[in-house]
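> got a sequence here, can you model it:
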Amino acid sequence: MQLDPSTGWFQGIHHCPSPNFNARPSGEISLLVVHNISLPPGQFGTGKVQAFFQNQLPTHEHPFFVEIASLQVSAHFFIERDGRPTQFVSCLDRAWHAGVSWFDGRDNCNDFSLGVELEGTDDLPYTDAQYARLAELTRQLLDAYPALSTQRIRGHCDIAPGRKTDPGPAFDWSRLHAELKER
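Below you'll find the model as predicted:
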């Protein structure tokens with residue numbers, strides 16, 4: 001797994017391009033946002049996250065899908081329970097993951113952030129493989145984008161408080177920071 005900074009795409013991981021992105025207004029990348037998602041909620045390994053980020057969610061398969069099918073969202077990355085990463089949007093582009101958000105005196109965090117979705121829920125522990133892959137991915141992003149730092153890694157709950165709760169209390173921030181220090 002290796003980031004190509006000229007394209008913003010990682011080589012050696014699965015690409016599943018999403019139509020839900022646009023150009024960054026300034027090209028700035030200075031925030032990493034950690035999320036969680038599972039579709040249907042609490043179910044893993046279904047392939048429905050990929051379908052959702054490509055606007056191809058089969059609404060007839062689950063009542064929740066009907067509720068969210070009209071949303072156009074994406075993230076740069078998705079890390080499954082077994083650690084498999086998928087990239088949906090180039091790092092150089094603006095993925096639609098943060099929604100109404102605020103960080104460090106600025107709103108519209110999508111403009112300057114990268115989004116990583118972990119397959120999970122707020123209250124179920126994340127896997128060792130997910131922490132390892134997230135740390136590996138984050139190290140490369142920190143190396144490639146100097147405006148990013150470990151102090152600028154936040155949960156969706158931190159940039160959209162009261163609206164979002166992910167990655168939730170099950171996410172071990174101290175573990176991620178310890179793995180990042182092992183560079």
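> so which residue is smack in the middle of this protein?
Nearest to the mean C-alpha position of the chain, counting by C-alpha atoms, centre = their mean, stands Val116 at 1.7 Å.
> just checking, that one touches Leu31?
No - taking contacts as C-beta atoms under 8 Å, Val116 lies outside contact range of Leu31: 11.3 Å. In short, each C-beta sits where N, CA and C put it, glycine included.
> and the residue sitting furthest away from the middle of the chain, what pLDDT?
Distance to the chain centre peaks in the chain at His60, reaching 26.1 Å (criterion: C-alpha atoms, centre = their mean). According to the prediction, His60 has pLDDT 96.
> just confirm it is within a strand.
No - the secondary structure assignment for His60 gives helix rather than a strand, going by DSSP: H, G, I helix; E, B strand; the rest coil.
> now it: how far from Gly45?
Distance of His60 to Gly45, computed by C-beta to C-beta, to the nearest Å: 20 Å.
> again with Gly8
Distance from Gly8 to Gly45, counting by C-beta to C-beta: 27 Å.
> ok, these two, which is more surrounded?
In this view Gly8 and Gly45 are compared by other C-beta atoms under 10 Å, and Gly8 has more residues nearby, 18 against 12.
> which residues are in contact with that one?
If a contact means C-beta atoms under 8 Å, 6 or more residues apart in numbering, then Gly8 has 90-93 as its contacts.
> turn those into CSV, columns for distance to Asp122 and secondary structure.
Rendered in CSV, the data for those read as follows (distance: C-beta to C-beta, whole Å; DSSP: H, G, I helix; E, B strand; the rest coil):
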residue, distance to Asp122, secondary structure
Ser90, 29, coil
Cys91, 26, coil
Leu92, 30, coil
Asp93, 28, strand
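> between these, which is closest to Lys181?
Distance to Lys181 across the contacts of Gly8 (C-beta to C-beta) is lowest for Cys91, with 22.9 Å.
> just give the closest residue to the closest one, not the sequence neighbours.
Spatial nearest neighbour of Cys91, excluding adjacent residues (C-beta to C-beta, 6 or more residues apart in numbering): Gly8 at 3.6 Å.
> wait, is Phe52 part of a helix?
Yes - inclusion of Phe52 in a helix is indicated when three-state DSSP is applied.
> from Trp102, how far off is it?
In terms of C-beta to C-beta, Phe52 sits 25 Å off from Trp102.
> re the thing from before, need the pLDDT of the residue lying closest to the residue nearest to the centre of the chain once chain neighbours are set aside.
Counting by C-beta to C-beta, 6+ apart, Phe77 is the residue found nearest to Val116 once chain neighbours are left out, at 4.6 Å. According to the per-residue confidence, Phe77 scores 98 in pLDDT.
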